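K.L.:
Predicted structure and sequence below. I'll ask about it afterward.
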Amino acid sequence: MGTPHNAAKLGDIAKTVLMPGDPLRAQFIAENYLEDAVCFNTVRNMFGYTGTYKGKRISVMGSGMGMPSMGLYSYELFHEYDVDNIMRIGTAGSISEEANVRDIIMGIGACTDSNYAKQFHLPGTYAPTADYTLLKTAVEEAEKLGIKPVVGNIVSTDSFYHAQEDVNLRWASMGILAIEMESAALYMNAAKAGKRALSIMTISDHILKEIILPPEERQTGFRQMMEVALNTAVAITE
């Protein structure tokens, strides 16, 4: 068993998977948080590991950048490996006064400029949303750690470098918290598969204020995000 993109066998991957965009961050989580971690995938260097955290079996795997990559890997996890829950853990750029650098945000919904939903031939515009149980649990676990997450609408874009200079202001005018590149595809794949998904992200820069968090200051925020996601995974695992 396996796919052209994942060497794991059925059963190698836990029911809950944490997905950072960067596969090296998946490796970092496996090495620093998981016990008895076993690497199940190295195809295309998209590292995946399964281990235990607080006695619960959890997997972590990179998603790559952008909706095509997230769409591919999350589809296979849901459909080929019987995964029930995927939590994206990554970075986002704030376009809101509500979300500042170092803040942890959680996306209720994920607007998008992508045509990813076109494949489903829906009779209107689909609104990709997170799973409520995952979201509620993640907020509760964050608060236990003394973290107050910012929860709201985000946008998943196909264009990191956009030709329209006012695009961020236009999204901001609709109350969007932050911009990233993966969540809408993840939420749509989960909905179609009847599974659960949530994006938990650290604000690494404020686009409108032109504030960028230096690399050496990001580690604490990333660790907090990882711990919120890991504790959420424990809480939902039977």
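P.N.:
Okay, I see it. Residues are numbered from 1 along each chain as shown.
K.L.:
From now on I want contacts and neighbour counts done on CA atoms only, so please keep to that.
P.N.:
Noted.
K.L.:
Would you map the helices across this protein?
P.N.:
23-32, 67-80, 132-144, 167-172, 183-193, 215-236 (DSSP state H).
K.L.:
buried residues in the fourth one?
P.N.:
To tie it back to what came earlier, the one meant is helix 167-172. For helix 167-172, the neighbour count (16 or more other C-alpha atoms under 10 Å) marks 168, 171-172 as buried.
K.L.:
now do the fifth one
P.N.:
Of the residues in helix 183-193, those with enough neighbours to count as buried (16+ other C-alpha under 10 Å) are 183-191.
K.L.:
quick one: which of these is nearest to Pro123?
P.N.:
Set against Pro123, the nearest of these by C-alpha to C-alpha is Met188 (15.2 Å).
K.L.:
Least reliable of the helices of the chain by average pLDDT, please.
P.N.:
Lowest mean pLDDT of the helices of the chain: helix 215-236, a mean of 86.
K.L.:
residues in contact with that one?
P.N.:
The contact list for helix 215-236 (C-alpha atoms under 8 Å, 6 or more residues apart in numbering) reads 16, 18, 29, 53-54, 56, 58, 87, 89, 102-104, 134, 137-138, 141-142, 145, 200-202, 204.
K.L.:
ok, the spatially most central residue of the chain - contacts?
P.N.:
Residue closest to the mean C-alpha point of the chain, counted by C-alpha atoms, centre = their mean, is Arg88 at 1.5 Å. If you count contacts by C-alpha under 8 Å, 6+ apart, Arg88 has them with 18-21, 183, 197-201.
K.L.:
can you redo those residues as JSON lines with distance to His162?
P.N.:
Shown next, in JSON lines, are the contacts of Arg88 (distance: C-alpha to C-alpha, whole Å):
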{"residue": "Leu18", "distance to His162": "29"}
{"residue": "Met19", "distance to His162": "25"}
{"residue": "Pro20", "distance to His162": "23"}
{"residue": "Gly21", "distance to His162": "20"}
{"residue": "Ser183", "distance to His162": "18"}
{"residue": "Ala197", "distance to His162": "27"}
{"residue": "Leu198", "distance to His162": "26"}
{"residue": "Ser199", "distance to His162": "23"}
{"residue": "Ile200", "distance to His162": "24"}
{"residue": "Met201", "distance to His162": "21"}
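K.L.:
Considering these, which possesses the most neighbours?
P.N.:
Ser183 (34 neighbours; other C-alpha atoms under 10 Å).
K.L.:
My read is that it contacts Ser199, right?
P.N.:
Yes - using C-alpha atoms under 8 Å, Ser183 is in contact with Ser199, at 6.3 Å.
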